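**Student:** One predicted model, sequence on top.
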Amino acid sequence: MRAMTRHALGIAMLAMLSLAHAADRKPNVVILATGGTIAGAAATGTQSGYTSGAVTIDAMLAAVPGIDKLATVKGEQISNVGSQDMSFDILMKVARRINALAADPKVDGFVITHGTDTMEESAFFLNLTVKTNKPVVMVGSMRPSTAVSADGPLNLYNAVGVAVDPDAKGRGVLVVMNDRIHAAHSLTKTSTTAVETFLSPVRGVVGIASYGKNDFYQSPSWKHTTASEFDISKVKSLPRVDIVYGGVDAAADLIDASVERGAKGIVIAGVGNGNMNKAMVDAAARAVKKGVFVVRSSRVATGFVGRNVELDDDKLGFIASDELNPQKSRVLLSLALLKPRKAADIQALFGAY
Ligand code: GLU
């Protein structure tokens, strides 16, 4: 008995020592690079034209003095594309790589470099498909690496600062740009050119990142990462989901064309509260009758789309996007359609994620 107690005590002390050691060691961060302006290069420092995704992760890291003090950083080049060419294939590769590396206790966090154009939907996709509570932080820049006052190096420094912060754990995929920490659910790109392009207009930022130190204000309340039911480990491709934009006299036959071309889901970037003209409503109702799922989102930047406001969703079989903009609605609907579901079940997903 006494021998056993001594044995248990020994194990407890060893565990405490290894914990103390873990706290002492420099954190390890894996950077998965995908391209974007942060890896962009121009011929001069003051021109607006440049080539996106031209600089490797090693060159990017070399431009950030002091990053090695925050963490031991290892870079992996997953792709090198402008994010207009981001694909679900590349994103699934990123998600799978994170899921594999997250099992390694020596890896403390992840940073993904990415173009800003589609950053919000990629962040949302990863938020739903990575299965770890370790920090996963996306980062980009608005100015190429060769520009005067390039914003990439400090953004990258701050992203690593968030990735090593134990306080960042369990908050889902975060985006760090221009000193702000955004939740994948909430951020959106609001300016084609300004450095302060990302806002989280409805929910506000998750926190502030400042030279490697962070202040967290809130935790996103939607399901994500370890609580997400979406599993892409064996998925080869996602079903086609199109977005059709509403407006004055908008052409309804784009909805019919989308159905003909094999879309399994259609997101309407509607006017106002997810509205559309009569011809579009009729076309969308035809699509539903053919088994295509129709989500009503909005082209408006803030607010949410509720059920049965000006359209009878119950009768028409439509789904309301709640707080998700069209591009994020497309991501959620694509993942939702990986298995057979009823419209009511998909509606519930739009409230949960
Ligand atoms: N189109 C580029 C991209 O999304 C430029 C935008 C950026 O990264 O800031 O990768």
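**Tutor:** Received, thanks. Numbers count the residues shown, from 1 in each chain.

**Student:** interface residues of this structure facing the ligand?
**Tutor:** 36-37, 52, 82-84, 115-117, 140, 142 (Cβ under 6 Å from any ligand atom). Placement of C-beta: from N, CA and C, glycine included.

**Student:** Which members of the residues you listed are classed as buried?
**Tutor:** 36-37, 52, 82-83, 115-117, 140, 142 (16 or more other Cβ atoms under 10 Å).

**Student:** Out of those, flag the one nearest to residue 229.
**Tutor:** Of all those, residue 229 sits closest to residue 83, with 26.4 Å by Cβ to Cβ.

**Student:** quick one on the thing from earlier: farthest pair within the residues of the chain next to the ligand?
**Tutor:** For the residues of the chain next to the ligand, and using Cβ to Cβ, no pair is farther apart than 84 and 142, which are 14.7 Å apart.

**Student:** which stretches of the stretch 201-350 of the chain aren't confidently modelled?
**Tutor:** By pLDDT under 70, the stretch 201-350 of the chain has no low-scoring segment.

**Student:** Remind me which helix or strand the residue in it positioned nearest to the ligand belongs to.
**Tutor:** Minimum separation of the stretch 201-350 of the chain from the ligand (Cβ to the nearest ligand atom) falls at residue 327, amounting to 12.9 Å. Assigned by DSSP states H and E, residue 327 belongs to helix 326-336.

**Student:** May I have that helix as PDB, with CA atoms only?
**Tutor:** The C-alpha coordinates for helix 326-336 follow below in PDB (Å, rounded to 0.1, in the frame of the first residue of the first chain):
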ATOM      1  CA  PRO A 326     -24.400  34.800 -49.100                       C
ATOM      2  CA  GLN A 327     -20.800  33.500 -49.300                       C
ATOM      3  CA  LYS A 328     -20.900  31.900 -45.800                       C
ATOM      4  CA  SER A 329     -24.400  30.600 -46.500                       C
ATOM      5  CA  ARG A 330     -23.000  28.900 -49.500                       C
ATOM      6  CA  VAL A 331     -20.300  27.200 -47.400                       C
ATOM      7  CA  LEU A 332     -22.800  26.000 -44.800                       C
ATOM      8  CA  LEU A 333     -25.200  24.700 -47.400                       C
ATOM      9  CA  SER A 334     -22.500  22.900 -49.300                       C
ATOM     10  CA  LEU A 335     -21.400  21.100 -46.100                       C
ATOM     11  CA  ALA A 336     -25.000  20.500 -45.000                       C
END
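
**Student:** Just the element for the spatially most central residue of the chain, please.
**Tutor:** Residue closest to the average C-alpha location in the chain (Cα atoms, centre = their mean): residue 123, at 0.6 Å. Element membership for residue 123 (DSSP H and E) is helix 119-129.

**Student:** what packs against that helix?
**Tutor:** On a contact count with 3 or more Cβ pairs under 8 Å, 6 or more residues apart in numbering; DSSP states H and E, helix 119-129 meets helix 88-101, strand 136-139, strand 174-177, strand 188-189, helix 326-336.

**Student:** pLDDT on the longest one, on average?
**Tutor:** It stands for helix 88-101. Helix 88-101 shows a mean pLDDT of 98.

**Student:** Show me the contact partners of that helix.
**Tutor:** With Cβ atoms under 8 Å, 6 or more residues apart in numbering as the test, helix 88-101 has contacts from 30, 32, 34, 76, 78-79, 81, 107, 110, 112, 122, 125-126, 129-132, 136, 232-233, 235, 237-238, 334.

**Student:** need the contact list for the residue lying closest to residue 328 once chain neighbours are set aside.
**Tutor:** Take residue 328 and drop its neighbours on the chain: the residue closest to it by Cβ to Cβ, 6 or more residues apart in numbering is residue 124, 4.7 Å away. Residue 124 sits next to 173, 184-185, 324, 328, 331-332 when contact means Cβ under 8 Å, 6+ apart.
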